[in-house]
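Undergrad: Turn this into a structure:
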Amino acid sequence: MDKIDKSDIFLSVVQTNKGIIYKVVNSYCQNIEDRKDLVQEIIIQLWKSFDNYDDNFKHSTWMYRISLNVAISFYRKENSRKKISNPLIDGIINFSDNDDFEDKETDLGILQQMISQLKDLDKALILLYLEEKSYKEISQIIGISETNVATKINRIKNSLKQKFTQLKNQ
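TA: Down below sits the predicted model:
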């Protein structure tokens with residue numbers, strides 16, 4: 001396959017599945033500039049790994065796996081950088097990064113806020129679950145067994161349900 005064909009195929013795959021990138025980015029970044037940076041980084045990593053794409057998997061599975069890995073790395077790096085570069089500013093000026101979420105008083109806004117506070121792996125799992133991916137697909141994307149996926153998702157759902165109920169009863 002020559003470079004023009006490869007580029008065309010890559011662009012087609014990304015265009016067809018671009019929603020995956022945006023869902024992952026929106027789950028891991030609240031700041032608009034960080035979102036733009038993360039989208040670029042994901043596309044770069046997708047391009048770098050395009051030659052190694054395994055035809056045994058769907059393009060969407062491949063894109064989720066790379067997007068989530070890049071997002072988790074980016075999120076960790078960004079948090080470390082912010083802690084080092086802004087230790088005083090964080091204590092003095094405390095603007096909420098969650099201002100981009102919908103009305104926090106709505107059930108959806110509350111749920112989004114709760115999901116944004118989950119650990120990296122849990123956030124990835126619930127994102128894929130909410131995308132109605134099968135446990136098999138999730139296990140391929142995340143790299144853990146189907147049984148482990150089912151167990152973790154069940155625990156996350158129960159935890160979110162419990163927190164949600166507590167919040168509603170206050």
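
Undergrad: show me where this structure has helices.
TA: Ranges of helices within the chain are 3-16, 18-28, 32-49, 59-85, 87-92, 107-116, 120-130, 135-142, 146-168, based on DSSP state H.

Undergrad: Comparing these, which yields the minimum mean pLDDT?
TA: Lowest mean pLDDT within the helices of the chain: helix 87-92, a mean of 44.

Undergrad: Grab the nearest non-local neighbour of the spatially most central residue of the chain.
TA: Taking Cα atoms, centre = their mean as the criterion, V24 is the residue nearest the geometric centre of the chain, at 3.2 Å. Sequence neighbours aside, S67 is the residue nearest to V24 in space, at 4.2 Å (criterion: Cβ to Cβ, 6 or more residues apart in numbering). Using the backbone N, CA and C atoms, a C-beta is placed for each residue, glycine as well.

Undergrad: and that neighbour, what does it touch?
TA: By Cβ atoms under 8 Å, 6 or more residues apart in numbering, the contact set of S67 is 20-21, 24-25, 42, 46.

Undergrad: 6 Å instead, please
TA: Contacts here follow Cβ atoms under 6 Å, 6 or more residues apart in numbering; on that basis S67 touches 20-21, 24, 42.

Undergrad: go on, S73?
TA: S73 sits next to no residue when contact means Cβ under 6 Å, 6+ apart.

Undergrad: 10 Å instead?
TA: Shown in contact with S73 (Cβ atoms under 10 Å, 6 or more residues apart in numbering): 38, 41, 45, 120.

Undergrad: how about the nearest residue to the second one, chain neighbours excluded?
TA: Here the nearest residue to E41 in space, its sequence neighbours aside, is V70; by Cβ to Cβ, 6+ apart that works out to 5.6 Å.

Undergrad: Now do the one you found against G109, distance only.
TA: Relative to G109, V70 is positioned 26 Å away (criterion: Cβ to Cβ, to the nearest Å).

Undergrad: circling back: most neighbours out of the contacts of S67, which is it?
TA: Taking other Cβ atoms under 10 Å as the neighbour criterion, V24 ranks highest of those with 26 neighbours.

Undergrad: Contact partners for the nearest residue to I20 once chain neighbours are set aside?
TA: Nearest non-adjacent residue to I20, counting by Cβ to Cβ, 6+ apart: M63, 4.9 Å away. Contacts for M63 (Cβ under 10 Å, 6+ apart) come out as 13-14, 16-21, 24, 42, 46, 53, 57, 141.
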